[in-house]
Structures are given as structure tokens and as C-alpha cells.
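Undergrad: attaching a predicted model along with its sequence, questions to come.
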Amino acid sequence: MSGQDRAPGRDSGGSKYAVRMDGITKRFPGVLANDDVDFAVERGTVHALVGENGAGKTTLMNVLYGLYEPTEGTVYVDGRPREFDSPRDAIDAGIGMIHQHFMLVDPMTVAENLVLGVEPTKWFGLATDERQAIADTRELAERYGFDIDPTERVQEISVGEQQRVEILKALYRGAEVLVLDEPTAVLTPQDVESLFDVFAELVAEGKTIVFITHKLGEALAAADGISVLRDGKLVGTVRADETTREELATMMVGREVLLEVTSEPAERGGETLAVEDLVVTDDRGVQAVDGVSFAVDAGEVFGVAGVDGNGQSELVEAVTGLREAESGTVVLEGEDVTRDSRRECIEAGVSYIAEDRQERSLVLEYDLLRNGLLGGQTLPEFSDGRLIDWGRTRSFVDGVIEEYDVRPPDAGATPRSLSGGNQQKMVVGREFERDPDLMVASQPTRGVDIGSIEFVHNRLLDLRTEGVAVLLVSSKLEEVQRLADRMAVMYDGRFVDVVDPDAVTEEEVGLLMAGEDPDSGRGGGEPRATSTDRPTDTADVD
Amino acid sequence: MDRARLAHYLDRLVDATVLERLAISLAALTVAVVVGGVIVFLSGAVATCREPALALGGTAFCYDPIEVYLTLARGAFGSPTNLGLTLQETTLLLFTGLSVAVAFRAGLFNIGTQGQMVLGGLASALAVLQVAPLLPAGSLGALLAIPLAVLVGAVVGGLYGALPGAMKAYADAHEVITTIMLNFVAMGVAFYLVRNHLGDPSTDAVQTPSVPEFVRLSPTIGGTRFSVIALGFGLAIAVLVYLLYERTVLGYDLRTSGLAPEAAEYGGVNAERNIVTSMTLSGALGGVAGAMYVLMILYRWQTDMPPLGFDGIAVSILAANNPLGVIPAALLFGAMKGGAIQIDFALGVPPELVEVLRGLIILFVAMPEFFRMLGARAGYGSVEDEVAADGGQKRGEEGD
Ligand SMILES: Nc1ncnc2c1ncn2[C@@H]1O[C@H](COP(=O)(O)OP(=O)(O)OP(=O)(O)O)[C@@H](O)[C@H]1O
Ligand SMILES: [Mg+2]
């Protein structure tokens, strides 16, 4: 049950710190994830937690949230020592956590999700009072200025809105301290802005916020205090207005980090991928890709920017052989692969980094060795089609682990024991190093720290130099702008425009992403993933 | 115990290492033996006997649990005959256990091993009866007929397994329901065919004629029907199934489909086809069990085959669905069967009580494994980044 109050008299409720973690050590078999960390957050402030992949950020927050029991150390909430056996205890103590993977039930409505497990009841507890649930949701949303319809289904709202539902969910359970693990990783720049507005709103209400991020700019812009973890240890806590990006980067990595990509534009080869009038429907049979045409040359990076859920996933799945197109063609190296199976696409040289690493790109029960084979099991490097050559798989995986700095560097570990960024590095390495002709990279640096982003970006451009055609899909605008030679903006199943990424401003792209063509000066729908409005101007490219 | 604590223990269970799981299984076995002993002892109070093992106050306890276990062990391994009985049961359970394990590995729950065994056995008996007259009696005939019989059993069992596999893959019919129903269909159809068309006309029993002497797997140990050839074949199949999963692309594909269907698809695996393949393989092993039953035990097909297919489920769960683990699990269950007969003879303890002991072992040893599987499926365990925000539980399914 809830933690014991061992020091009841001690400035109960009046502590300056909303939470204080004292000497926290968390040991996993063979790994010291947190090493004597002292961490404190003042009430009514926003606090950022930064550090490289595997530094122990998620672990520390999981300890705070009662998911892990610390090996040593004490957690104080409102100045009182607490012992959490489970998240339920933490919630009772007023701590809410929002993980990177949302835990909402998609077919259920916003209100149903909000009250899940703590439903208001009627008829003496015999039934859920749905009307009450909707009223509660509406009231809470209004209080924090969220524009959310309680009766809409979660699967029909955008990622940014889903995140707000998660926040409301925590608030509904009485959270005073909100912990968010990499909340901005899945958001567009606009959504990030409004998330920070939400933070400000919450802090004004007296709530306390802790968020994990890999983007130092965000930490500096949105947080009051910033704590840096490195190798499980707390390097220090600084005030956001008294530090700089460079100082933070140095604290994190122990060296200076250059966020410059160093690559000359590559020599373009022939047309590797040609997509013509592609129409793809999603799982519900709704048309998600609505007649898209484009081509990617060897040695070119073609970027697709856009708010999540505008058909990018379906487009990518149709190109990689995971989803059958309704009509249109996909031509790879001159061969029509539209009807090819996923395996045939892989064998034809298509590598694919899927956006959902935990469900698609990795088998959580397999060790890294077996995960390193996933997708490549019929390639001549790894098997003769029947028998697996584990020896060669092993050296491939060891190579990826070493080159991509996957930690812990142990092919026998399962992804469950890897931090999010290290899981991602494993996937990126596996797909990059398989010698592809076409590299389809969807959110390739999601959850990866700045040092590793630098590495992944450079490696991606190396691939380009080697003559690989790259189709890059990312909700991080600056990523697409930095890497792509040409950039398409996708909205509601179509390419609104294809632009030169160096010649457009962020604002222009932002408008395009909202479905508005700045050239035509006329609006087309609201910036919502599921809007049925369709922009009339659709630029097709060859 | 409140829910949070329960969730905590489930997490621990799901995250347990192989060694921890082995330790859990051994501890559970011990507990099962102790609890079983207590039950045997107490049930002795309500039984009547001439020489009670112990008299306490006015109550006479008829059975001495230690004696029961010793007799059980002696019954299972104490003499060549007993050993033979144990091993013949072990051999059959090896095949049915593997059948269930193969399906489980692919994330499928094949309850239909029984039906696949019934039809496989019948087909195998009929095939032998058809071809035997054309073959020379003797070892050459045996060399031709026995593999043929096993093959026919495998093919028919395999087809009968493929059926629910295809229904699952292409029509979304849940395999638990379809395989249970197909068990009834198999038994009904076999009964009808044998009684009305294919049966032995010289008897009223619903059975086929006996297969000729030379096609039978001759007993290695006199007084039993145990054939070391059959056991060797079973062990070889266990190793082959193990190698299939560890070394081959097909095995990797099948296993990946079972563990993570979405990741399998991403990796180029055709999930539908693999469901059918797994069920075919599983059914084929069930069919082989039927063929073995005909060639080794009964020398004919007879209605009301023993529930070896259902026992296979327990064997597989006990083995954590590991093909090599099926070997000791089948031996344990085989020993219980062999020992039960002896207990009845020697101690007058009803064999039903041995069934209770057997049940307890399944309950205690298989349950942690079973809860682990359920827990993992429900999303417990330390899945990084995949933790519920509402704190109560982590739910694995996101349905995104
Ligand atoms: N359940 C676990 N079992 C074993 N080791 C673990 C487990 N969870 C985390 N670790 C290890 O603890 C260390 C810290 O991991 P953590 O997830 O806290 O990192 P992080 O700072 O959140 O990284 P990222 O930015 O990549 O998400 C890593 O070395 C990781 O491999
Ligand atoms: Mg993390």
C-alpha cells in the first residue's frame, strides 16, 4: 500500500521540493543504471533531464514512478520519504508518468480512456457513468485550455492530441508532479510549441513537471532547471538561464559536439525508385495515400515531411512491401515490385527502419544476435535459404554493435535491457549495414541522443555517397531539411509540394504541413491529421 | 495480496531467467510431491484397509505417502517390465508433446493433437492393411511398410492440422475452438468408418483387423510393448525439431511469427502461410503418434484411443514448449503412468489417487510457466518505454 510516513512531522507539504531523490542507486544484473544520484525538483517548476542514450534517465524516472525499486536511496515526495511498491502507490502520492509509447486504448473514446480503471459509476457501482465521464473530461480539458472532444475515438486523433489525453489522464488521477519521457520525440515543431504552452499552464496551476529530452534547445527553452546524467551519475543540475547549449553538451558527453553534417552532395546515379499514382488504404479501408508520384535517384536523399498520420506510414509500407497498394506502381531498379511480397522486396535490396521499433523492428524476446537476423534471414550473407549461418550473423551483429556503439555491447542481451536509444541504434545499424539499394528510413533518430544523431546522419549521407537511394520520412523538420536533397510535404494522403529544403523557411514548410499552399494563398483544412478536407493543389513530381 | 503486489510478482516472473525458471520448476516439483504426499496420507483416513500404515487416536490412516512414492518409483523403473511400460508411454507422449510444442512455439494453441492422432493412426493402419499382402513378409517388408505407415500417419495428421491452420489464417477462426470441434469430428468419422465399412468383420468391437506380424514394432523388453526403435525415432524427432528452430530459416520464421507477428511480417515472413505450416507440422507429429500407437502398442486401430493428445498439452507446458524439454517431461509423465499400475497392485491405493498426484505436478510445475506466458502476453515484465501511464498495469497490446 502507500508508502509509510516515517517522518510525519517534517515540514509536511511545505517542502520547497516537490520531489527529491536521495542517493538513488539502481543496479541491473551487470549494469549500474543509476549511481548514487541526488535529484531534486522545486515545486511549481519545469525540470529537464538530459543525457546520452543509456545514461539512466528512464531508469531514474521509473524509480520515481514506482516501477523499479531502487537498490539504494530514498525518494521524498513533499519532503516525506516514500516507498513505492508500484506505480499505483506513486499515483496515490501524486506522481504521474507519461511514457514514450502511449498507453491509450485506440478504439475507445477520449473520455473512456481518461477514466479507465477509475471510472465514475452509477447504480451503486454497477455501471460506468458515461455521461459523468464525458463531463469530467470536458471540465478538465477546459480548465487547462485543451481543445479535445471527449467523444472522439483515440485512433482518430493526432499524436499531439493523444499526448494531451495522456496528460489529462494523469491529472485526472490527481497528479501533482508530471513526468514525461521524451515527450517531444513524436511531435512536430508546432506541437512541441503547444506542449510547452501546456507546461506553462500547468506550472501556473502549481504543478511540477519533469521531462526527458535529447534536444538541448528544448531544455533551455522550456525548463527552469536542467539536470544532466552521464553513465548513471548526476553530472550536475544547472539553471536554464545560466547555462548554454555548449556547456550542457560538454556536461553530457564530456566533449564538444558538432551538430554539423559533413558531406558533399553525392554523384547522382540512375533512378532507383519510381512511384507512380500510388493509392493505398489503411487498416480500416480508408484511403490513406491518394495518388502519390515521385522518384528517388541513386545517391539522393528524398525527404518526406509532414504531421504524423497523413499517410506517410502507409506510403512507406507500400514501398517496402508490407502493404498492398490499391492501384499505382512501385518500380525498383527498373523492375515493377508493386505486387512483390515483403521478402521479395528485402531480397531486391530494400532496407527499412520502421518508426515503431518495439513492435515492428525488434522482437523483444530475442537477443540482439537473433534480432540482427530479422529481415535478412534469406539473404545470401546470412543463410543459404534454408540453414542459418549463425557464425556470419554473429560477426555482422558484433560489427553493428561496435560501429553503432550499442550499449551494453553484448549480442546475448535482449532489447528489453537496452535503453530506447540503444534499441534504435541497433535497428539503424542492422538496416544500414545490409548493403541496400534503397534505404527507407522512418524516424531514424527517434530517441537517439545528439552524439548518436550526428553519427546516424553522417552514416546516412555516407550511404548516399555510396550510391544508395534514401527515402527519409521524419516528423523532425530540421532533420529532413538538413539531410534531404529534395523534400516533399505530405498532407492528407498527398504531396502538397516538393521543395528544395535549403530554399524554404520553417514557416513555409509549417504551412505546407498544415495543408496550406503558401503560394496559392488559400487555406485548405485545419492542421488535423484526420480532417476530411483535401487540399486542391497537389503537386506531383517525377 | 493486493493487486500492485500481484503485478510486481508477475513482472518478476515474466523477467525470470532460464536458470531462475529451472529453479522455480524444481522447487515446484518438490512442493507438488510434498502436497501430494499429504493428500495421499489424509485420504487414507477415509479409506478402509486391513493394515493401516499409521493409527492416530481413533483414526486409521491407510496409506503411507513415503511408501506410495517409493512404490511409484519402483513401479516406474523397478523392473525391466516396469521400465518398459514407462518407456512405451514416454515414447508416445514424446510425439504428442512435440506436436503441441511446435504449435505453441508459433503462438498457436493446438488442442487438436488428439484428433490428428486418431485419424493419423487410422490412416496408418489402413495403409498397412492395404499394402502388407503385396510385400514379402520379413525384414524387407518391415523396412518398406513401417516407414510408409509412419508417413501416411504424418500426412493425414498433417492435413488434419492444416485445416484449422487455414481456417485461422484465412478466416480468422480461433484455433482453440476449431481444433476442439475437429477432435469430435475426427473421432466420430473414424468410429463411423470403422464400424460400418472398414472394421474387422470377425468381431463386434469397433476396430480394424490386426496388422501382420512383420509390420509390428517388436518389443525390446519382453512382456511390454516398448520398442527402442520407436523411442530412438522420437528422440531423433525431438532433436530435429530443436534444430529446426535453432538453425533453419523456416524455424526462425515460425518462431518469430509466434513471438511477434508484426515483427515477423516486417522481417519478410508470410504470417498466414506460417500459421498453416506450423499447424501442419504439429498435426503431422500428432499423426505419427497415432501411427506409433498402432504399430507399437495395439497392432490395430481401435476406437476410444487413450487421451495421449491431451496429455501432450501438459507435457508441452511442463517443458516450457522447448522441444528438448519435452524429453524429460514425457519421461516424468510416462513414469507416473507406469508407476500407477504398480501402486494399485502393491498397495491397494486406487490409481485415481496417482492421477491426483499427476494433476498436482502439472498444477505446480506448469502453472508458473503458464502464468509467465499469460503475464508476458498481458504485457507484464520490464518492457522499456512500454509502461502504462495509469500505473496499474502495463498493457502489452496497443493496437496501433
Ligand atoms: N530492465 C533492464 N534490465 C537490464 N538493464 C537495463 C534495464 N533497463 C535499463 N537497463 C540498462 O540501464 C542503463 C540505463 O538505461 P535507461 O533506459 O535508463 O537509459 P536512458 O537514459 O533512458 O537512455 P535513452 O536516452 O536511450 O532512452 C542502460 O545501460 C540499459 O541498458
Ligand atoms: Mg529512455
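TA: On my side now, so go ahead. Ligands and ions are numbered 1, 2, ... in the order given.
Undergrad: leaving out chain neighbours, which residue sits closest to the closest residue to chain A within the stretch 101-250 of chain B?
TA: The stretch 101-250 of chain B approaches chain A most closely through B:V249 (4.8 Å), counting by Cβ to the nearest Cβ. Every C-beta, even on glycine, is put in place using the N, C-alpha and C of the backbone. Closest residue to B:V249 apart from its sequence neighbours, by Cβ to Cβ, 6 or more residues apart in numbering or on different chains: A:Q377 at 4.8 Å.
Undergrad: three-state assignment of that neighbour?
TA: Here A:Q377 is recorded as coil under DSSP: H, G, I helix; E, B strand; the rest coil.
Undergrad: give me phi/psi at residue 95?
TA: I went with chain A, as the question did not name one. The phi/psi pair for A:I95 (degrees, to the nearest 10) reads phi -110, psi 130.
Undergrad: hang on, isn't it packed against A:L67?
TA: No. Counting by Cβ atoms under 8 Å, A:I95 sits too far from A:L67 to count as a contact (11.0 Å).
Undergrad: these two: who's more crowded?
TA: Relative neighbour count places A:I95 above the other of A:I95 and A:L67, with 30 against 23, counting by other Cβ atoms under 10 Å in any protein chain shown.
Undergrad: quick one, what contacts the more buried one?
TA: Contacts for A:I95 (Cβ atoms under 8 Å, 6 or more residues apart in numbering or on different chains) come out as A:19, A:64-66, A:77, A:175-177, A:179.
Undergrad: most neighbours among those residues, which one is it?
TA: Within the contacts of A:I95, A:V179 tops the neighbour count with 28 neighbours, counted by other Cβ under 10 Å.
Undergrad: wait, a strand at it?
TA: Yes. The assignment for A:V179 by three-state DSSP puts it in a strand.
Undergrad: in three-state terms, label A:V330 for me.
TA: A:V330 is classified as strand under three-state DSSP.
Undergrad: poorly predicted segments of the chain, please.
TA: Using chain A here. A:1-14, A:124-126, A:255-265, A:517-542 (pLDDT under 70).
Undergrad: I was after chain B.
TA: B:1-8, B:10-11, B:14-18, B:50, B:369, B:373-400.
Undergrad: hey, where'd the strands end up in it?
TA: With DSSP state E, the ranges of strands along chain B come out as B:54-56, B:59-61.
Undergrad: check which residues of the last one are buried.
TA: Residues of strand B:59-61 classed as buried by neighbour count (16 or more other Cβ atoms under 10 Å in any protein chain shown): B:60-61.
Undergrad: chain center to that strand, what's the gap?
TA: Computed by Cα atoms, centre = their mean, to the nearest Å, the chain-centroid distance of strand B:59-61 equals 38 Å.
Undergrad: for the residue of the stretch 401-542 of chain A found nearest chain B, which non-adjacent residue is spatially closest?
TA: Of the stretch 401-542 of chain A, the residue with the smallest distance to chain B, taken as Cβ to the nearest Cβ, is A:G420 at 5.1 Å. Spatial nearest neighbour of A:G420, chain neighbours left out: A:G447 (4.2 Å); criterion: Cβ to Cβ, 6+ apart.
Undergrad: tell me the secondary structure at that neighbour.
TA: Going by three-state DSSP: A:G447 is coil.
Undergrad: just checking, it touches A:E182?
TA: Yes. Under the criterion of Cβ under 8 Å, A:G447 makes contact with A:E182 at 6.0 Å.
Undergrad: hey, what's in contact with both of the two?
TA: Listed contacts common to A:G447 and A:E182 are A:100, A:214, A:420; contacts here mean Cβ under 8 Å, 6+ apart.
Undergrad: sort out for me which of those are in helices.
TA: The members of the shared contacts of A:G447 and A:E182 that map onto helices under DSSP state H are A:G420.
Undergrad: how does the chain divide into domains?
TA: No chain in the question, so chain A it is. With automatic domain parsing as the criterion, the domains of chain A are listed as A:1-94+A:176-257, A:103-175, A:260-349+A:437-451+A:458-542, A:357-435.
Undergrad: nope, chain B please
TA: When chain B is parsed with automatic domain parsing, its domains come out as B:1-43+B:354-400, B:80-316.
Undergrad: A:E403: which of those domains is closest?
TA: Taking Cβ to Cβ, domain B:80-316 is the member of the domains of chain B nearest to A:E403, at 21.7 Å.
Undergrad: in the lengthiest helix in chain B, what counts as buried?
TA: Looking across chain B with DSSP H, the single longest helix is helix B:139-171. Of all the residues in helix B:139-171, those buried under the rule 16+ other Cβ under 10 Å are B:141-142, B:144-146, B:148-169.
Undergrad: now do stretch A:215-227
TA: A:215-216, A:218-220, A:222-227.
Undergrad: from the stretch 51-200 of chain A, which residue is nearest to chain B?
TA: A:P87 (2.9 Å).
Undergrad: ok, that residue to A:A170 distance?
TA: Distance, A:P87 to A:A170, by Cβ to Cβ, to the nearest Å: 11 Å.
Undergrad: any shared contact partners between those two?
TA: Going by Cβ under 8 Å, 6+ apart, residues that sit against A:P87 and also against A:A170 are A:M97.
Undergrad: what's the distance between stretch A:382-397 and the middle of its chain?
TA: For stretch A:382-397, the distance to the chain centre is 31 Å (Cα atoms, centre = their mean).
Undergrad: next one: stretch A:355-369
TA: Stretch A:355-369 sits 15 Å away from the centroid of its parent chain (Cα atoms, centre = their mean).
Undergrad: also stretch A:19-34?
TA: Computed by Cα atoms, centre = their mean, the chain-centroid distance of stretch A:19-34 equals 25 Å.
Undergrad: is the closest residue to A:R239 other than its chain neighbours bridged to anything, and to what?
TA: The shortest distance from A:R239 to any non-neighbouring residue, by Cβ to Cβ, 6+ apart, is to A:G225 (5.9 Å). Note on A:G225: beta-bridge partners A:H47, A:R239, judged by DSSP bridges.
Undergrad: ok, A:T128 next?
TA: A:T121.
Undergrad: report the central residue of chain B.
TA: The structure's chain B has its C-alpha centroid closest to B:G312; by Cα atoms, centre = their mean the separation is 1.0 Å.
Undergrad: residues contacting A:S442?
TA: For A:S442, the contacting residues are A:312-313, A:316, A:352-355, A:473-474, by Cβ under 8 Å, 6+ apart.
Undergrad: residue ranges for the helices of the stretch 301-400 of chain B, please.
TA: In the stretch 301-400 of chain B, the helices defined using DSSP state H, counting those that start in this stretch lie at B:308-318, B:326-347, B:351-361, B:367-377.
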